[in-house]
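Trainee: sequence-free structure coming up:
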């Protein structure tokens, strides 16, 4: 069993930055592909960014490409999401997700991930 704990959410003005962190526990972190999803009120959960188990492959939604960066430190058992140039449309609950990292791929669908954190609120004011 893998438990994921997110931190780093909060309230920020448009144009500002936040850094989210996710610390998994329970099993070898380096064997898992990781991702950040978000869910705004009344909307479906959507992929923000994903990273493969080695950290050498990443993918992003078009809405955050160029503004957000996902990274991982397998030695420190941490995956992070650096969010710059935040917009009010980025307001959502952000979730860390993990799955067995078969091969070197990333995954983009909610149903493809096995483990989820409790979520952290990000609010961007205009």
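Mentor: Looks like it arrived, so ask away. Just so it is clear, the structure is predicted and the values come from calculations on it, not from any experiment.
Trainee: C-alpha only now, for contacts and for neighbours.
Mentor: Will do.
Trainee: for the residue nearest to the spatial centre of the chain, which non-adjacent residue is spatially closest?
Mentor: Averaging the C-alpha coordinates of the chain gives a centre point, and the residue nearest to it by C-alpha atoms, centre = their mean is residue 36 (2.0 Å). Excluding its sequence neighbours, the residue lying closest to residue 36 (C-alpha to C-alpha, 6 or more residues apart in numbering) is residue 96, at 4.7 Å.
Trainee: does that neighbour touch residue 34 like I think?
Mentor: Yes - the pair residue 96 and residue 34 passes the contact test of C-alpha atoms under 8 Å, sitting 7.4 Å apart.
Trainee: any stretches of the protein with poor pLDDT?
Mentor: 26-27 (pLDDT under 70).
Trainee: what segments of it are helices?
Mentor: Per DSSP state H, the chain has no helices. Nothing in it meets that criterion.
Trainee: show me where it has strands.
Mentor: Read by DSSP state E, the chain holds these strands, from start to end of the chain: 3-7, 10-13, 18-25, 32-39, 46-51, 58-60, 68-73, 78-83, 92-100, 115-116, 120-125.
Trainee: residue 17: neighbouring residues, count only.
Mentor: When counting by other C-alpha atoms under 10 Å, one arrives at 17 neighbours for residue 17.
Trainee: correction: residue 104
Mentor: A total of 13 residues lie near residue 104 under the criterion other C-alpha under 10 Å.
Trainee: state the phi and psi torsions of it.
Mentor: Main-chain torsions, residue 104, degrees, to the nearest 10: phi -120, psi 30.
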